[in-house]
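> Structure for this input, please:
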Amino acid sequence: MYYKSKAEGSHQSNPGKWYKTIFKLAAATDDQQSLSSPDHANLVEIADRLQRSFIKPWLEIQPNPPRLQAVEHLLKDNHPLRPSIGQLKTVLKHLNPRKATGSDNIPAWCLKRYAEELAPVVHDIVVASIVQCKYPTSYKHAIISPIPKIRPPTDLDSDFRQVSVLPQLANVIEKLQLQLN
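As a prediction, the model looks like this:
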């Protein structure tokens, strides 16, 4: 019945629609329940399970940053290197305009297109961050999307990988820091 109403006759006139319909029918008759099916579990539970799965490798790592007193003498006489506006413009002009926009809502194409105009403002932000030795908190937040490794995914712990989209200005600061050090 579904085939007659949705796909019959479209094989010649609209092969793409026909293929999608056949694919849906094939997936619908699959005995294995897909994680993408709406009746599998509520979205909050899936999101929580994905988060636990993604952070699992980092749970055993204990960061051991040096105490401020141990490195303070290094900072008194050695001021951090600052990028020039020219270096910043070069980084801005080499941004990939097709990269996804991060949590700062500043698209890479905008920074690249208006590099000349935005360079002085972005330079002030970057230099302030370097001089104060403070990385803006908002730049530490990434938009994380779970991407299935296989279709259809069946196991939350092993069938997904995470793709993190950082704010564009965070990428700019990181590239400049790598150049300076």
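
> So for stretch 132-145, mean pLDDT?
Taken as a whole, stretch 132-145 has a mean pLDDT of 86.

> same deal with stretch 72-89?
83.

> Equivalent analysis for stretch 108-120, please.
95.

> what about the strands in the chain?
Using DSSP state E, the strands found in the chain span residues 143-148, 160-165.

> List just the one of these that sits closest to residue 78.
Proximity to residue 78 (C-beta to C-beta) singles out strand 160-165 among the strands of the chain, at 32.2 Å. Every C-beta, even on glycine, is put in place using the N, C-alpha and C of the backbone.

> With just CA atoms, put that closest one into PDB.
C-alpha atoms of strand 160-165 as PDB (Å, rounded to 0.1, in the frame of the first residue of the first chain):
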ATOM      1  CA  PHE A 160      29.300   7.400  17.100                       C
ATOM      2  CA  ARG A 161      32.300   9.800  16.900                       C
ATOM      3  CA  GLN A 162      32.200  13.400  18.000                       C
ATOM      4  CA  VAL A 163      32.800  16.400  15.800                       C
ATOM      5  CA  SER A 164      33.600  19.500  17.800                       C
ATOM      6  CA  VAL A 165      33.100  23.000  16.300                       C
END
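
> Okay, buried residues for it please.
Residues residue 160 are the ones in strand 160-165 that count as buried (16 or more other C-beta atoms under 10 Å).

> what does stretch 92-102 give?
92, 95, 102.

> same deal with stretch 137-147?
139, 146.

> Need the residues that contact it.
50, 54, 100, 102-104, 160-167, 169-170, 173 (C-beta atoms under 8 Å, 6 or more residues apart in numbering).

> How about stretch 120-134?
Against stretch 120-134 from outside (C-beta under 8 Å, 6+ apart): 75, 79-83, 85, 88, 92, 111, 135-136, 169, 172-173, 176-177.

> Please enumerate the helices of the chain.
Here the chain has its helices, by DSSP state H, at 2-6, 10-13, 15-28, 43-55, 68-77, 85-93, 108-113, 115-131, 168-180.

> Give the rounded mean pLDDT of the second one.
Mean per-residue pLDDT for helix 10-13: 62.

> Export the helices of the chain as a markdown table, with columns for distance to residue 155.
Listed next are the helices of the chain as a markdown table, based on distance: least, C-beta to C-beta, whole Å:
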| stretch | distance to residue 155 |
| --- | --- |
| helix 2-6 | 29 |
| helix 10-13 | 35 |
| helix 15-28 | 17 |
| helix 43-55 | 9 |
| helix 68-77 | 44 |
| helix 85-93 | 40 |
| helix 108-113 | 34 |
| helix 115-131 | 41 |
| helix 168-180 | 32 |
